[in-house]
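In: compute the structure for the input listed below.
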Amino acid sequence: MTESPTYREALDRVLACAVFFHGAESLADLAKLDFNNLLEESGLGEVAGEITFADAAQALRADVQIGSEFSAVLAELDARRRLIARERTYARTPARLAALGDEFGVSRERARQLEVRLRWAVDRQIGEVVRRAAQWLTRAVGLAAPPWKFQKVLSLFVGDATPEWREAAEVAVMAAGGYEYLDGVVGNAAFREFIVKARQHGPDLANPAGVIDEELLCEKIGAEAAPEWESLVRNAGLVRLQGHLVLRDTRRARVFLALERAADPCDRQTIARESGLRDNSSLSSLLSSDPLFVRFTKDKWGLQDWTDEPYGGVVDALVKRIEEGGGKARIDELVRQIPKQFDVLPATVRNYLGTRKFETDGDYVRVAEAPSAPRQKLADARDVAWTRDGTPALRFTVGEHHLKGNSQKISPAIAQHLGVGLDGSVKIPFEHPEGVHDASVIWRSYDPNGPEIGRLREALSVCDADPGSEVFLLLRREGFRMITDGSEMLEAKP
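Out: Numbers count the residues shown, from 1 in each chain. Got it, this is the predicted structure:
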């Protein structure tokens, strides 16, 4: 069927099937049949949810409508009580008692007493009728319904109210049935209790990323048959994210779901794309600092429970295997295993094995007990210039990488001049420019490129050093000075 039939056409079709296939002749015969089978036999099974028949309730309007009677009761009240009824007691947005008291020239307490008497008077005259309408409403709507559907059904009961008291009649019937407008749904007290339970149990059923076991949550709160599930969880403050229910829409949850969907380690760009996050430093910080995620290779990350050996760098992998080998390991096995597991080049492994961190003995390698470096002269260092008074200075060209926070490699002679040996470090303040972060000098025995000076970005920025310009850093242990004009600098020590 290309277009869903009206409910009258659908019922005619169902009744015809009851006659043709089952020999039914009366409503009593129809009651004995399986209605699901009738729907399938009539070809309406797939569109049954689209065929609504609230309009058929028009036939019962005269029996169930209470709007006119309710309007008449309120219209008979004195002017002050009519105002209280319209503005507070039966208003969707009730006025404050204090405001009503001010309008009447009475206290807030007196206004409250007037409202209590009003409620009693109305309930005495028509309360039973309103409650009966609320029972009909509950049968028709159930625990909850979308606002458009709820309003349509509610209109069947109060549609005959006068325009002045139409809202009041709706509020009265809704209150008697326990219904309230929520976010995208109208629900009764039982539905709101489901919301409270979902809010309460959601955190207990969430994993470390905040992803909730939705099926277990539904079972836990007893809402397997509850309608409007999406509205229920939304009103509980839970979030639908990438098809899953989560406590909050966080970067952690997004990255977790992206990796879980991929089921394999991914590079940062892929994670950013699949999680809907920009590939920026904050994503890198999350991946490197959150224990839920681990690095599998130099460029790929995955979930913590996917591996027993996260990637901590080639040096860590080398040390671990040497320790597992009782203090030594075969070089050829390291060069074969580590690239295969961590997606690095064999040449990279060999470069690290060639640093002072390790000692080779034929086909084997071990961790050096006390790595050391021979003393080198500043005068022989290619990255050193001199002031006229004999003060050495690091000379380097500013690059974009410096302004992004990367370090500057230096010759071993400079590190030694500043009192830093292998596996040592020191922080040195700036005499100029003042008030910037201290620089750091680090020399790692496993770094094939030697020692480095870091934390130069702020000083370079304050000195207005542009990429491509030459900068000189006067090397004094008590404090560095950064110079951007090298016209007075000498190539050799005077």
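In: Lys300 pairs with what?
Out: Judged by DSSP bridges, the bridge partners of Lys300 are Asp267.
In: and the strands in the stretch 101-250 of the chain?
Out: Along the stretch 101-250 of the chain, the stretches classed as strands by DSSP state E, counting those that start in this stretch are 144-145, 180-181, 186-187, 239-241, 244-246.
In: check which helices and strands the third one sits against.
Out: Secondary structure elements in contact with strand 186-187, counted by 3 or more C-beta pairs under 8 Å, 6 or more residues apart in numbering; DSSP states H and E, are strand 144-145, helix 229-235. To be clear about C-beta, it is placed using only N, CA and C from the backbone, and glycine gets the same treatment.
In: that strand - what's its average pLDDT?
Out: For strand 186-187, the mean pLDDT works out to 96.
In: next: the first one.
Out: Per-residue pLDDT over strand 144-145 has a mean of 95.
In: can you check stretch 213-220 too?
Out: Stretch 213-220 shows a mean pLDDT of 96.
In: list the buried residues for it?
Out: The neighbour-count check on stretch 213-220 (16 or more other C-beta atoms under 10 Å) flags Asp213, Glu214, Leu217, Cys218, Lys220 as buried.
In: out of the residues you listed, what pair is the most spread apart?
Out: For these, the farthest-apart pair by C-beta to C-beta is Glu214 and Lys220; their separation is 10.5 Å.
In: show me the shaky parts of this structure.
Out: 1-2, 54-63, 279-280 (pLDDT under 70).
In: could you find the closest non-adjacent residue to Leu241?
Out: Asp249 (5.5 Å; C-beta to C-beta, 6 or more residues apart in numbering).
In: is that neighbour in contact with Leu238, as I believe?
Out: No - if you go by C-beta atoms under 8 Å, Asp249 and Leu238 don't touch, sitting 10.2 Å apart.
In: neighbour count: these two, which is higher?
Out: Ranked by neighbour count (other C-beta atoms under 10 Å), Asp249 and Leu238 place Leu238 first, with 24 against 13.
In: now the more buried one: how far from Ala263?
Out: 25 Å (C-beta to C-beta, to the nearest Å).
In: just Asn406 next, same as before
Out: In terms of C-beta to C-beta, Asn406 sits 34 Å off from Ala263.
In: Ala209 now?
Out: Ala209 is 15 Å from Ala263, by C-beta to C-beta.
In: neighbour count for those two, which is higher?
Out: Ala209 (21 against 10).
In: helix, strand or coil for the nearest residue to Leu418 once chain neighbours are set aside?
Out: Spatial nearest neighbour of Leu418, chain neighbours left out: Val441 (5.3 Å); criterion: C-beta to C-beta, 6+ apart. Using DSSP: H, G, I helix; E, B strand; the rest coil, the secondary structure recorded for Val441 is strand.
In: which single one of the buried residues of stretch 213-220 is nearest to Ile322?
Out: Using C-beta to C-beta, the shortest approach to Ile322 within those belongs to Asp213, at 42.9 Å.
In: what's near enough to touch that closest one?
Out: Leu205, Ala206, Asn207 (C-beta atoms under 8 Å, 6 or more residues apart in numbering).
In: what's the neighbour count on Ala226?
Out: So Ala226, with other C-beta under 10 Å, has 20 neighbours.
In: from Ala190, how far off is it?
Out: In terms of C-beta to C-beta, Ala226 sits 9 Å off from Ala190.
In: now swap in Ala381 and tell me
Out: Counting by C-beta to C-beta, the gap from Ala381 to Ala190 is 80 Å.
In: give me the more crowded residue out of those two.
Out: Relative neighbour count places Ala381 above the other of Ala381 and Ala190, with 19 against 14, counting by other C-beta under 10 Å.
In: which residues touch the more buried one?
Out: Ser411, Ala413, Ile414.
In: go with 6 Å
Out: Ser411, Ala413 (C-beta atoms under 6 Å, 6 or more residues apart in numbering).
In: quick check: longest helix of this protein.
Out: Longest helix in the chain, counting residues (DSSP state H): helix 108-141.
In: name the residues of that one that are buried.
Out: Neighbour-count burial for helix 108-141 flags 111-112, 114-115, 118, 121-122, 125-127, 129-130, 133-134, 136-138, 140-141 (criterion: 16+ other C-beta under 10 Å).
In: how about stretch 357-367?
Out: Lys357, Phe358, Tyr364, Val365, Arg366, Val367.
In: endpoints of that stretch, how far apart?
Out: 6 Å (C-alpha to C-alpha, to the nearest Å).
In: now do the same end-to-end measure for stretch 259-274.
Out: 8 Å.
In: distance from it to the middle of the chain?
Out: 16 Å (C-alpha atoms, centre = their mean, to the nearest Å).
In: cool, stretch 109-121 as well?
Out: For stretch 109-121, the separation from the chain centroid amounts to 48 Å (computed by C-alpha atoms, centre = their mean).
In: pull the CA atoms of that stretch into CSV?
Out: Presented in CSV, the C-alpha positions along stretch 109-121 are these (Å, rounded to 0.1, in the frame of the first residue of the first chain):
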residue,chain,number,x,y,z
GLU,A,109,-1.7,34.1,53.9
ARG,A,110,-5.1,35.5,53.3
ALA,A,111,-4.7,34.9,49.6
ARG,A,112,-3.8,31.3,50.3
GLN,A,113,-6.9,30.9,52.5
LEU,A,114,-9.0,32.2,49.6
GLU,A,115,-7.5,29.7,47.2
VAL,A,116,-8.0,26.8,49.7
ARG,A,117,-11.7,27.7,49.9
LEU,A,118,-11.9,28.0,46.2
ARG,A,119,-10.5,24.5,45.6
TRP,A,120,-12.9,23.1,48.2
ALA,A,121,-15.9,24.7,46.6
